[in-house]
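A.B. asks: Turn this into a model:
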Amino acid sequence: MKIGYKIIEILFCIVRVQSNGSAGVFIMKYSSLARLILWNPTMGIRKLWRVLFFITSSFIVAAKPDVLIVTHSYNRPDFIELQYKTFKKFLNDYYEFVVFNDAKSDKLENEINAMCASLNIRCIRVPQNIHKSTHPSRRHIDCIHYAFRELGVKHAGIFVQLDSDLFPIEKISLTELIKDFEVVANLQKRHEIFWINPVIALFDMRTLRNMETMRWDCDPINNIQTDTGGYTYYYLINNRGIRIRKIDRLFCNCNKHIPSYALTTMGLTKNDHVLIGESFENLQERGFGIDLINILRHDNVRNLEFYCEKKFLHIGNSSYVYSKDQDFKIQLIKEYLNKIIKT
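C.D. replies: Numbers count the residues shown, from 1 in each chain. Predicted coordinates for the structure are as follows:
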């Protein structure tokens with residue numbers, strides 16, 4: 001009988017660990033289980049198999065995580081680990097993190113696979129024959145389409161599209177962020193054309209309709225050149241009743257001059273802000289900590305972005321742009337992220 005009680009105790013532990021404290025993940029008939037545990041000890045062993053069957057078939061109803069986060073890795077397996085750790089540190093959600101492996105070489109493919117395996121992250125290989133162009137934006141678009149087709153439209157919950165170099169740096173709940181909305185995103189705009197910025201976008205797949213029609217291409221619309229995500233304009237226009245929460249983007253280039261024509265290509269909206277040549281004191285007044293200010297004001301650091309009231313940091317161009325300044329910026333950001341992860 002002691003063995004029977006021990007097995008039931010172990011089952012309780014498994015349920016408690018797997019549920020991760022999230023309501024609705026496992027549903028248990030506690031009162032019925034309590035009556036079973038209080039059986040006559042002489043009947044315990046003989047009835048134990050019924051307990052096990054009842055638990056596995058009736059007591060526990062497994063459900064997938066409400067939040068599904070996907071990103072696409074091209075050549076930075078180190079970012080996967082940083083995202084994994086910052087998600088774990090700052091996201092107040094029950095989620096699954098999935099990496100789409102878009103490596104161009106066998107070596108990088110193996111490195112990305114190994115990193116995901118070491119962290120127990122589901123990794124899905126992107127078929128390389130879907131790419132018809134080597135342009136970074138085109139590859140990115142192909143990956144987003146593939147992820148939506150393979151997972152997004154099949155997910156009955158919150159589907160989150162993130163760039164591979166975007167990291168939360170403050171506590172936030174994605175579930176709360178999208179509460180009462182169907183889409184949460186930063187919108188980009190050029191003239192009258194607007195679209196969803198793919199750096200961070202949340203979709204409630206339980207209520208959205210026609211998501212299989214959403215396209216992320218970057219071709220011109222009405223002779224206006226768009227960026228990655230440009231063709232989401234058509235989805236937004238054709239589904240006007242969607243409840244959208246627009247989040248802000250803060251673009252920082254504190255030590256470099258940006259020509260006015262360059263700003264016009266960024267697709268800025270009234271929700272976005274640009275900081276150029278900001279002083280140490282002004283950055284402090286805007287709520288930046290000392291460590292971030294030192295990074296922002298470094299002579300070799302340019303073009304950092306923050307989203308959702310500075311809760312997410314976006315490095316930008318980290319997979320395709322190679323330069324000493326870019327490498328230096330990435331190293332500073334990695335040191336900063338590792339520091340806040342440990343605090």
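A.B. asks: confidence score at N255?
C.D. replies: With respect to pLDDT, N255 scores 59.
A.B. asks: again with I315
C.D. replies: At I315, pLDDT is 94.
A.B. asks: If we ignore the residues flanking it in sequence, what's nearest it?
C.D. replies: Nearest residue to I315 in three dimensions, chain neighbours excluded: D165, at 4.1 Å (C-beta to C-beta, 6 or more residues apart in numbering). The way it works is simple: take the backbone N, C-alpha and C, and place the C-beta from them, glycine included.
A.B. asks: any idea how far G241 lies from V183?
C.D. replies: Per C-beta to C-beta, to the nearest Å, G241 is found 11 Å from V183.
A.B. asks: So between these two, which is more surrounded?
C.D. replies: Taking neighbours as other C-beta atoms under 10 Å, G241 and V183 compare with V183 leading, 21 against 6.
A.B. asks: how about that one, what does it touch?
C.D. replies: Contact analysis of V183 by C-beta atoms under 8 Å, 6 or more residues apart in numbering lists I196, A201, L202, F203, D204, L208, I242, R243, I244, R245.
A.B. asks: Now the buried members of the residues you listed.
C.D. replies: Taking 16 or more other C-beta atoms under 10 Å as the criterion, what is buried in these is I196, A201, L202, F203, D204, L208, I242.
A.B. asks: So N197, which state does it fall into?
C.D. replies: Here N197 is recorded as strand under DSSP: H, G, I helix; E, B strand; the rest coil.
A.B. asks: Surely I112 and N101 touch.
C.D. replies: Yes: using C-beta atoms under 8 Å, I112 is in contact with N101, at 4.7 Å.
A.B. asks: Quick check: phi and psi at the nearest residue to Y95 once chain neighbours are set aside.
C.D. replies: In this structure, Y95 finds its nearest non-sequential neighbour in V67, 3.9 Å apart by C-beta to C-beta, 6+ apart. Main-chain torsions, V67, degrees, to the nearest 10: phi -110, psi 120.
A.B. asks: beta partners of V67?
C.D. replies: On the basis of DSSP bridges, V67 is bridged to Y95, I158.
A.B. asks: Spit out the contact partners of it.
C.D. replies: By C-beta under 8 Å, 6+ apart, the contact list for V67 reads D93, Y94, Y95, E96, G157, I158, V160, L174, T175.
A.B. asks: Next up, the contacts around M211.
C.D. replies: F148, G152, V153, F203, M205.
A.B. asks: Looks to me like the first one is in a helix.
C.D. replies: Yes: following the definition three-state DSSP, F148 is counted among the residues of a helix.
A.B. asks: Run through who's touching stretch 303-315.
C.D. replies: Contacts of stretch 303-315 (C-beta under 8 Å, 6+ apart): 90, 163, 165-172, 177, 186, 199-200, 247-253, 287-288, 295-296, 316-317, 329-330, 333, 337.
A.B. asks: ok, now with 7 Å
C.D. replies: For stretch 303-315, the surrounding residues in contact (C-beta atoms under 7 Å, 6 or more residues apart in numbering) are 163, 165-170, 172, 186, 199-200, 247-253, 287, 296, 316, 329-330, 333.
A.B. asks: Can you show me the strands along the stretch 51-200 of the chain?
C.D. replies: 67-73, 95-101, 122-125, 158-162, 166-168, 183-190, 193-204 (DSSP state E, counting those that start in this stretch).
A.B. asks: out of those, nearest to D217?
C.D. replies: Among these, the nearest to D217 by C-beta to C-beta is strand 193-204 (9.9 Å).
A.B. asks: and after the closest one, which helix or strand comes next?
C.D. replies: Sequence order places helix 232-238 as the next helix or strand after strand 193-204, per DSSP states H and E.
A.B. asks: Can you give me the buried ones in that following helix?
C.D. replies: Neighbour-count burial for helix 232-238 flags T232, Y233, Y235, L236 (criterion: 16+ other C-beta under 10 Å).
A.B. asks: thinking again about what came up before, for the contacts of V67, which single residue is the most surrounded?
C.D. replies: Ranking the contacts of V67 using other C-beta under 10 Å puts V160 first, with 25 neighbours.
A.B. asks: That one contacts D204, doesn't it?
C.D. replies: No: V160 is beyond contact range of D204, at 10.5 Å (criterion: C-beta atoms under 7 Å).
A.B. asks: Off-centre distance for stretch 326-343?
C.D. replies: 19 Å (C-alpha atoms, centre = their mean, to the nearest Å).
A.B. asks: Could you do stretch 175-187 as well?
C.D. replies: Relative to its chain's centre, stretch 175-187 lies at 13 Å (C-alpha atoms, centre = their mean).
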